[in-house]
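In: quick one, fold the following:
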Amino acid sequence: MTFTGLALIGTLFTGSALVGSCRGEQACTEIAPAQVVTLSVAAGYAGLVQTVHLKACQADRCSEAALELVPGRTAVDLGCAPGSVGDRPCSATSSPDGTLTGMLMFEGMNADSIHATASGTDTSGHPLPLRTITFTPRVTYPFGEQCARFITANLVLDAGGLRQA
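Out: Sure, this is the predicted structure:
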């Protein structure tokens with residue numbers, strides 16, 4: 001085959017790939033969310049908490065661990081540079097928000113209700129009140145219903161108890 005023939009085949013292949021991509025089909029990401037139950041200790045309570053142990057059960061499966069608590073952070077919008085809307089750079093940073101956060105790995109988590117129990121110690125070493133909740137994880141389709149669903153299980157622990165975020 002001549003160079004011109006190869007170039008023509010390459011052009012046809014590229015053209016067909018472009019036509020295929022213009023059909024309005026949305027590509028799905030290959031990234032899957034981690035199967036975790038996240039826990040945030042509210043800012044007003046975080047200064048009193050030393051450790052948290054979380055147990056989560058769904059049907060006949062349970063996962064539990066002492067959580068590694070790390071300082072929580074929030075996004076702070078730093079604005080955009082002057083210029084036309086589509087061409088100007090924008091930025092953000094993160095800043096501590098006074099919370100503590102931890103994650104419990106929960107392989108096989110699904111959309112069924114979860115029973116969670118939180119215990120731990122305060123900064124004096126005394127036990128925190130035992131807190132329990134039964135909640136239904138949230139199911140979302142951030143990339144459209146043709147793509148995989150994301151199941152999130154987020155909890156907040158404060159002086160009043162344990163609640164779904």
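In: now Gly108. Nearest residue, chain neighbours left out?
Out: Closest residue to Gly108 apart from its sequence neighbours, by C-beta to C-beta, 6 or more residues apart in numbering: Arg61 at 5.9 Å. Where C-beta positions appear, they are placed from N, C-alpha and C, glycine not excepted.
In: how many other residues sit next to that neighbour?
Out: Burial of Arg61 is recorded as 14 neighbouring residues (other C-beta atoms under 10 Å).
In: specify the beta-bridge partners of it.
Out: Assessed by DSSP bridges, Arg61 has beta-bridge partners Gln58.
In: distance of it from Ala75?
Out: Arg61 sits 34 Å away from Ala75, going by C-beta to C-beta, to the nearest Å.
In: so which residues of the chain form strands?
Out: 36-41, 49-58, 61-66, 70-80, 90-105, 114-122, 131-135, 138-140, 150-158, 161-164 (DSSP state E).
In: got the angle for the fourth one vs strand 90-105?
Out: Angle of strand 70-80 versus strand 90-105, following axes from the mean of the first three to the mean of the last three C-alpha atoms, to 10 degrees, is 160 degrees.
In: pairing partners for strand 70-80, with directions?
Out: Here strand 70-80 is paired, per DSSP bridges, with strand 90-105 (antiparallel).
In: which parts of the strand it pairs with are buried?
Out: By 16 or more other C-beta atoms under 10 Å, the buried positions in strand 90-105 come out as 99-104.
In: hmm, back to that, out of the strands of the chain, which one sits most buried?
Out: The highest average neighbour count among the strands of the chain, using mean count of other C-beta atoms under 10 Å, belongs to strand 36-41 at a mean of 22.
In: packing partners of it?
Out: strand 49-58, strand 90-105, strand 114-122, strand 150-158 (3 or more C-beta pairs under 8 Å, 6 or more residues apart in numbering; DSSP states H and E).
In: contact partners of the third one?
Out: It refers to strand 114-122. The set of residues external to strand 114-122 that reach it, using C-beta atoms under 8 Å, 6 or more residues apart in numbering, is 37, 39, 48-58, 127-128, 130-137, 153, 155, 157, 162.
In: go again using 6 Å as the cut-off
Out: Applying C-beta atoms under 6 Å, 6 or more residues apart in numbering, the contact partners of strand 114-122 are 48, 50-58, 128, 130-134, 153, 157, 162.
In: per-residue pLDDT, the nearest residue to Pro89 once chain neighbours are set aside?
Out: Using C-beta to C-beta, 6+ apart and skipping the chain neighbours, the partner closest in space to Pro89 is Ala81 (5.2 Å). Looking at Ala81, its pLDDT stands at 86.
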